[in-house]
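**Q** show me the folded form of this:
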Amino acid sequence: MEQVNEFIVPEEYEEERLDAVLALMCEGQSRSYLKTVIKDGYVLLNGKIVKPSARVKENDHIVLKMPEKIIPDIEPENIPLDILYEDDDVLVVNKPKGMVVHPAPGHYSGTLVNAVMYHCGESLSGINGVMRPGIVHRIDRDTTGSVIICKNDAAHSSIAQQLKEHTIVRRYYAIAYDNIAEDSFTVDQPLGRDLKDRKRMAVRPDGKRAVTHGQVLRRFGKYTYVECRLETGRTHQIRVHMAYIHHPLVGDEVYAGKRQSPFATQGQCLHAGVLGFVHPRTGQYIETHAPLPEYFQRILSKIQ
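**A** Now for the predicted structure:
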């Protein structure tokens, strides 16, 4: 059940950060957890969604809406994994469509985390906590393809730093609506939470910088087969950017508007095909290739 708390900022908290103030006012909740809650749009400061770093003033009105914090036991599950690469430090898997990466409300079993906990035993990094062991990045439930899992904290720190510096190679393959005229294109538009729907992302002037580079692979008149390379890695980045340039992804039930896919896609046609990184122990460049899933190949053959 959603719990609603309201606070008035006292004088002594003037000019403090919002996340720090909430941590002081909400007994039993960590600052890191509250920062996530703020980012997810559950907190209003004087009626507006703001960043965790927003500075508060005396008599500001804070409304905190969030579900009861429950951390269930996450159990290993014997779920087959399509392994693309594995050693003592990292594991790269080809995630299937419909699988959630890490446990979350409504998805505490059948996730990639449940599967890798069974496969790896206790050999998983713990930096992201008990809900996300080994997880340093994610892809959407209905996006297929490459995900890297870290087996120890040293590997996790290395891969996380490469993600922060945008040096990891991530190439996605997608089927978009309509004919994209340019052979190559770049979308450089900041992204943030949609102010009307916190589950969606949107192009926002005050959002975080997001850059997607696209390359047309083949045109089919009503559809375009495209490769997208991520320079940054924001939530739903490719899906939002493609919709922004009026070429949403086929099957995208969130960002394609009223367009109805004539194909059985179960969500967006998006596949994380190539993942390249510098190995955290050896310094060697590793690149994995996840083959296109059967449903994707079937659609390509139908639209030719």
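**Q** residue contacts, the residue most central in space within the chain?
**A** Among the residues of the chain, the smallest C-alpha distance to the mean C-alpha position (C-alpha atoms, centre = their mean) belongs to Thr235, namely 4.2 Å. For Thr235, the set of contacting residues under the criterion of C-beta atoms under 8 Å, 6 or more residues apart in numbering consists of 191, 201. (C-beta placed from N, C-alpha, C; glycine too.)
**Q** what about Tyr13, neighbour count?
**A** 20 (other C-beta atoms under 10 Å).
**Q** can I assume it is in contact with Asp19?
**A** No - using C-beta atoms under 8 Å, Tyr13 makes no contact with Asp19, being 11.9 Å away.
**Q** can you pull out the helices in the stretch 151-300 of the chain?
**A** In the stretch 151-300 of the chain, the helices defined using DSSP state H, counting those that start in this stretch lie at 153-164, 237-244, 294-303.
**Q** just checking, what packs against the last one?
**A** Taking 3 or more C-beta pairs under 8 Å, 6 or more residues apart in numbering; DSSP states H and E as contact, the helices and strands that helix 294-303 lies on are strand 169-177.
**Q** again with the shortest one
**A** If you count contacts as 3+ C-beta pairs under 8 Å, 6+ apart, helix 237-244 packs onto strand 169-177, strand 184-188, strand 197-203, strand 211-219, strand 223-230.
**Q** and of these, who's closest to Ile62?
**A** Distances from Ile62 to each of these were compared by C-beta to C-beta, and the smallest falls on strand 197-203, at 16.7 Å.
**Q** pull the residues that contact that closest one.
**A** Here strand 197-203 makes contact (C-beta under 8 Å, 6+ apart) with 40-42, 49, 189-195, 234-237, 240-241, 244, 254-255.
**Q** now with 10 Å, please.
**A** Strand 197-203 is touched from outside by 39-42, 49, 187, 189-196, 207, 210, 234-237, 239-241, 243-244, 254-255, with contacts defined as C-beta atoms under 10 Å, 6 or more residues apart in numbering.
**Q** again with stretch 108-120
**A** Taking C-beta under 10 Å, 6+ apart as the rule, stretch 108-120 contacts 70, 72-81, 83, 86, 91, 93, 95-96, 98-104, 107, 123-124, 128, 130-135, 138-139, 141, 147, 149, 151.
**Q** let's see it at 7 Å
**A** Outside of stretch 108-120, the residues within contact range by C-beta atoms under 7 Å, 6 or more residues apart in numbering are 72, 74-79, 81, 91, 95, 99-103, 124, 132-135, 147, 149, 151.
**Q** in it, what counts as buried?
**A** 108, 111-117, 119-120 (16 or more other C-beta atoms under 10 Å).
**Q** closest one to Lys35 out of those residues, please.
**A** Nearest to Lys35 among the buried residues of stretch 108-120, counting by C-beta to C-beta, is Val113 at 21.4 Å.
**Q** just the element for that closest one, please.
**A** If you go by DSSP states H and E, Val113 is part of helix 112-120.
**Q** distance between that helix and the chain's centre?
**A** Relative to the mean C-alpha coordinate of its chain, helix 112-120 is positioned 19 Å out (C-alpha atoms, centre = their mean, to the nearest Å).
**Q** give me the mean pLDDT for it.
**A** Averaging pLDDT along helix 112-120 gives 95.
**Q** immediately after that helix, which helix or strand?
**A** Past helix 112-120, further along toward the C-terminus, the next helix or strand under DSSP H and E is strand 144-150.
**Q** for that following strand, name the packing helices and strands.
**A** Helices and strands touching strand 144-150, as assessed by 3 or more C-beta pairs under 7 Å, 6 or more residues apart in numbering; DSSP states H and E, comprise strand 90-95, helix 153-164, strand 270-278.
**Q** any idea how far Arg229 is from the spatially closest residue to Pro80 that is not a sequence neighbour?
**A** Nearest residue to Pro80 in three dimensions, chain neighbours excluded: Ala115, at 7.8 Å (C-beta to C-beta, 6 or more residues apart in numbering). As judged by C-beta to C-beta, to the nearest Å, Ala115 and Arg229 stand 28 Å apart.
**Q** what comes up buried for the strand or helix carrying Asp19?
**A** Element membership for Asp19, per DSSP H and E: helix 18-25. Across helix 18-25, burial judged by 16+ other C-beta under 10 Å covers 18-23, 25.
**Q** name the strands paired with the least confident helix or strand in the chain by mean pLDDT and say parallel or antiparallel.
**A** Here the helix or strand of the chain ranked lowest by mean pLDDT, DSSP states H and E is strand 2-8, holding a mean of 80. Within its sheet, strand 2-8 is paired with strand 61-67 (antiparallel), according to DSSP bridges.
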